[in-house]
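S.K.: how would this look folded up:
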Amino acid sequence: MRPALERSEWIEWLRREGRERYHHRHPYHVRMHAGELTEQQLQQWVLNRYYYQTRVPIKDALILSKSEDPAFRRMWLHRLVDHDGAAAGEGGLELWLRLAEAVGLDREEVRSCRSVLSGVRFACDAYVTFVREASLLEAVASSLTEFFAPDLMSERIAAWERHYPWVNADALAYFRSRVSAARRDSLEAVEFVVSQATTFELQQRCVDALVRKTEILWHLLDSTYAAYIEPGWSIGAGPLRSSERSSERSSEGGSSSGAAP
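M.R.: Numbers count the residues shown, from 1 in each chain. Below you'll find the model as predicted:
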């Protein structure tokens, strides 16, 4: 039986496998950061990614339910608050909806998730299913894509400010919040994984879980890329923008007034 890797070698294995597969290399993100997305392509990324954001607190709640250690649950609990907020109008989901409004989408349309691509929905739901069925250790290991999020968020902020100045800079608050939060979260998660994966077999299963997560993130982007970039079978289709929604409501209101006796 192969012995477990030492701490430094073990963490480097995780980082190497994750770094080579992380979705910062996906063509959708490459185009985004190069300023090559159209307004619709940027909007659809925001809209479809929101469905993933809604799955994150659900998977974190599942991870919490797997642990009988109060110390672990206290450590993990802040992730739910980060996304859902301590009160209405707070948290990462709210910040993402503000981003959606800033790119011109209707807030309620985005929040309803009814316009999410089926492939995106499948990928995100697969992540929840994986976490539900995996061991606590594997579920936590799958979250280690957060290792690479701070650098991606910093690059994204700079790219959006440079290439998409029509998006209000204040709306990039979600990205800014994740620079420090993802760094904290990844350090907490890796300490747990390193302490619990005491055999090479367990270490391999953790790597496999991390790879599975990267595949899910790629599938999400693959679906959006196919629909809105190449071959682009949904170009020109999409949810109403916030301005269109307002116009529609105004039109409906005018029509009702005209029909009144």
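S.K.: tell me which residues in whichever strand or helix holds Q40 are buried?
M.R.: Element membership for Q40, per DSSP states H and E: helix 39-66. For helix 39-66, burial by neighbour count (16 or more other Cβ atoms under 10 Å) applies to 40-64, 66. Backbone N, C-alpha and C define where each C-beta goes, glycine included.
S.K.: same question, stretch 116-133
M.R.: Of the residues in stretch 116-133, V116, L117, G119, V120, R121, A123, C124, A126, Y127, V128, F130, V131 count as buried by neighbour count, 16+ other Cβ under 10 Å.
S.K.: any idea how far it is from the chain center?
M.R.: Computed by Cα atoms, centre = their mean, to the nearest Å, the chain-centroid distance of stretch 116-133 equals 12 Å.
S.K.: now what about that stretch, what contacts it?
M.R.: The list of residues contacting stretch 116-133 from outside it, by Cβ atoms under 8 Å, 6 or more residues apart in numbering, reads 47-48, 50-52, 54-55, 58-59, 62-63, 113, 139, 142, 209, 212-213, 216-217, 219-220, 222-224, 226-227, 234.
S.K.: got the CA coordinates for that stretch in CSV?
M.R.: Coordinates of each C-alpha in stretch 116-133 appear next as CSV, following Å, rounded to 0.1, in the frame of the first residue of the first chain:
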residue,chain,number,x,y,z
VAL,A,116,-31.4,29.2,-17.1
LEU,A,117,-30.0,26.8,-19.7
SER,A,118,-30.9,23.2,-19.1
GLY,A,119,-27.2,22.2,-19.4
VAL,A,120,-26.3,24.8,-16.7
ARG,A,121,-29.1,23.5,-14.4
PHE,A,122,-27.9,19.9,-14.9
ALA,A,123,-24.3,20.8,-14.0
CYS,A,124,-25.2,22.8,-10.9
ASP,A,125,-27.7,20.2,-9.7
ALA,A,126,-25.0,17.5,-10.2
TYR,A,127,-22.7,19.4,-7.8
VAL,A,128,-25.4,19.3,-5.1
THR,A,129,-26.0,15.6,-5.8
PHE,A,130,-22.3,14.9,-5.5
VAL,A,131,-22.0,16.7,-2.2
ARG,A,132,-25.2,14.9,-0.9
GLU,A,133,-23.8,11.5,-1.7
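S.K.: Adding secondary structure and pLDDT, write the buried residues of stretch 116-133 out as TSV.
M.R.: TSV is the format used below for the buried residues of stretch 116-133 (DSSP: H, G, I helix; E, B strand; the rest coil; pLDDT from 0 to 100):
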residue	secondary structure	pLDDT
V116	coil	97
L117	coil	97
G119	helix	96
V120	helix	97
R121	helix	97
A123	helix	97
C124	helix	97
A126	helix	97
Y127	helix	97
V128	helix	98
F130	helix	97
V131	helix	98
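S.K.: what's the closest of those to G104?
M.R.: The closest of the buried residues of stretch 116-133 to G104 turns out to be V116 (Cβ to Cβ; 17.5 Å).
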